[in-house]
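>>> Provided below for reference: sequence and predicted model.
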Amino acid sequence: MRATSTSLQAAVVLALVLAAVSVGTLSAHIVKGIESPGEATAFVSSPSAATDGPIPIRWGSQPFADPGLRVVCFFVANTSPERADRPGWPRVTGAGFELPGAPTGFALVEPLDGHWELVEGARATLDGTAVTLDVAVVARTNPTGRTPGHPHNPRGIPPGQAGVRGSGTRFCVSGPFPDELVSGQPATIEQLLNGVVVAFSGVDGPHLKGDLGVWDNPARAIPLYP
């Protein structure tokens, strides 16, 4: 099968990114469901260390050769305990970010297996407050979290994964990520992860109720960027 130009471009970008990062063992962001903090949990981390930064996409070394695009890779592990009554559940079916401003022009670099897709400007309700997720990677499912046409092969990230850096599924996204979140300091991936929102499906009940989780830290205001 001949590769498309899009997949070739994605492969080149991903190769550059993976050459710059490696998997380490430091801790990162613990996420807990807002409604079910004990049943819906995740661990979201940058690839190698707290100092990992977005990777610039440049052509040449001159300032005008920088289009302002960056690649951000992160791991999402579903650390939720597996349900005794429904093995394989709950599942993580999305991960998005609140970012400052209203940036657009993001693209999914990895994975490109068709199970995940990128969405911009998604609306979410967090603890009664409506927020906008500037960019999100989601698995297309029906309202119960099942894969349409494949009820016995659900999409998303299964439960019971380790809460360590590099565990779970790796996502890489390109786009206009901010260069700074703190004045005078280059932005890090972990700083971007402060605004992460994780979607869970099948948390409890016969109808596979969902939940949304955020960083379990008092610094996580909702919204993060009013």
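Great, that's in hand.
>>> residue 104 and residue 120 touch, don't they?
Yes. Counting by Cβ atoms under 8 Å, residue 104 sits close enough to residue 120 to count as a contact (5.7 Å). C-betas here are computed from N, CA, C, even on glycine.
>>> overlap of the contact sets of those two?
residue 134 (Cβ atoms under 8 Å, 6 or more residues apart in numbering).
>>> more neighbours: which of the two?
Neighbour totals were compared for residue 104 and residue 120, and residue 120 leads with 16 against 11 (other Cβ atoms under 10 Å).
>>> contact partners of whichever strand or helix holds the more buried one?
Assigned by DSSP states H and E, residue 120 belongs to strand 116-126. Residues from elsewhere that reach strand 116-126 (Cβ under 8 Å, 6+ apart): 34, 96, 102, 104, 106-108, 130-140, 171, 173, 197, 212, 214, 222-223.
>>> just the ones of those residues in strands?
96, 107-108, 130-139, 171, 173, 197, 212, 214 (DSSP state E).
>>> one step back: filter the contacts of strand 116-126 down to the buried ones, PyMOL style.
To isolate the buried members of these in PyMOL, using 16 or more other Cβ atoms under 10 Å:
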select buried, resi 34+96+106+107+108+131+133+134+135+136+137+138+139+171+173+197+212+214+222
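>>> mind checking how far stretch 71-89 is from the chain centre?
12 Å (Cα atoms, centre = their mean, to the nearest Å).
>>> ditto for stretch 108-118
So, by Cα atoms, centre = their mean, the centroid of stretch 108-118 is 11 Å from its chain's centroid.
>>> residue contacts, the closest residue in space to residue 57 that isn't next to it in sequence?
Spatial nearest neighbour of residue 57, excluding adjacent residues (Cβ to Cβ, 6 or more residues apart in numbering): residue 69 at 4.4 Å. When contacts are counted by Cβ under 8 Å, 6+ apart, residue 69 touches 56, 57, 105, 174, 175, 176.
>>> report the central residue of this protein.
Central residue of the chain (Cα atoms, centre = their mean): residue 95, 3.8 Å from the mean position.
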